[in-house]
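J.: can you look at this prediction? I've put the sequence above it.
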Amino acid sequence: MLVDLFAGGGLITPEKPPTSAIRWGNPTVRDPMSRSKETVRAWMNDPKARRFIATESGIERRFVLSVLYWSVAAAIQEQALEVRVPGPEPFSAFPDFLLTLKSGRKLVIEIKAAERLAEDESLRRRLTRVAHALAEHGLLYSVVTEHDFSAAYHLSNLIQLKPYLSYAVPQLPTIVDAVYRHSPANFGQLAAVTGDRQVALALIAQKYVSASLQSPLVDETPISPGGHDEPPHFDGWHPTDGPWQAMEDRQH
């Protein structure tokens, strides 16, 4: 369940000054905002930004792995801002991630366990207040749970392919031409055509070849040449009527 808490928040207008405040933090360090080093469970390598991203749960780790494959995402920063929410009971919130799209649009993301989100009404009220505060500043806010990740994308595949996002394929045009000419039907045949399993994995990671990721990637995994300009592997994990799809639609 991806909860769009942006609807109804309204955008800032000259007649409606914001009552909330946003403080932007250090985009490369997570714990100075509100977390201690003890809460970081894993550091994920971002080959595009050449830095490590701090994650605090398995859901966050899978989210980061997925975002690295999203073709319209320019950058991901963990806990990049503080939202100061006004009211009778004011509080500060520290959303988990800030995504910047290639269009320049920014998406503020909160990661929550689906069960907790469903059972904790006070949490939902708090998140709604955060959404309205961010809406005053023209920022889209969404809550992502483990149910937003399609079972069709096996986590082991994302982990296996991740190092190859930035892999420099030698003689890439020649390799791609050979793949198109031979039309390998599965991963094993692709590795044989390229002569190198690492090159075959890089072609899949970088979307020169489409592969079925419904189960762990093995020699028998079906593949099809092409697809570099198609939506990335994990596009199906967000609902078509949600803010993610709307943001992507504006990129094409």
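T.: Thanks, I have it. Numbering: from 1, shown residues only.

J.: point out where the chain drops to low pLDDT.
T.: 1-18, 26-38, 69, 71-72, 149-155, 214, 226-252 (pLDDT under 70).

J.: centroid residue for it?
T.: Val67 (2.4 Å; CA atoms, centre = their mean).

J.: ok, now how distant is that residue from Ala191?
T.: 27 Å (CB to CB, to the nearest Å). C-beta here means a position set from N, CA and C on the backbone, and glycine is covered the same way.

J.: the stretch 101-250 of the chain: helices as residue ranges?
T.: 114-119, 121-135, 155-161, 172-182, 187-194, 197-205, 243-249 (DSSP state H, counting those that start in this stretch).

J.: extract the C-alpha trace of the shortest one and format it as CSV.
T.: Written as CSV, here are the backbone C-alpha positions of helix 114-119 (Å, rounded to 0.1, in the frame of the first residue of the first chain):
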residue,chain,number,x,y,z
ALA,A,114,2.3,-2.0,6.5
GLU,A,115,1.0,-3.6,9.7
ARG,A,116,2.0,-0.6,11.9
LEU,A,117,0.5,1.8,9.4
ALA,A,118,-2.8,0.0,9.4
GLU,A,119,-3.1,-0.4,13.1
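
J.: what packs against it?
T.: Applying 3 or more CB pairs under 8 Å, 6 or more residues apart in numbering; DSSP states H and E, we find helix 114-119 packed against helix 121-135.

J.: list the buried ones in the helix it packs on?
T.: Arg124, Leu127, Thr128, Arg129, Val130, Ala131, His132, Ala133, Leu134, Ala135 (16 or more other CB atoms under 10 Å).

J.: check stretch 134-146 too.
T.: Quick answer for stretch 134-146 (16+ other CB under 10 Å): Leu134, Ala135, Glu136, His137, Leu139, Leu140, Tyr141, Ser142, Val143, Val144, Thr145, Glu146.

J.: thought the third one was touching Val83?
T.: Okay, so that is Glu136. No: Glu136 is not in contact with Val83 according to CB atoms under 8 Å; the separation is 9.9 Å.

J.: so what sits against both of those two?
T.: Common neighbours of Glu136 and Val83, counting by CB atoms under 8 Å, 6 or more residues apart in numbering, are Ser20.

J.: skipping adjacent residues, who's closest to Pro216 in space?
T.: Ser156 (5.1 Å; CB to CB, 6 or more residues apart in numbering).

J.: quick one: that neighbour from Lys162, how far?
T.: 11 Å.

J.: next one: Leu201
T.: 10 Å.

J.: check Thr19 too.
T.: 41 Å.

J.: Leu65 too?
T.: For Leu65 relative to Lys162 (CB to CB), the value is 6 Å.

J.: before we move on, back to that, and the residue nearest to Pro216, how many neighbours?
T.: Neighbour count for Ser156, taken as other CB atoms under 10 Å: 12.
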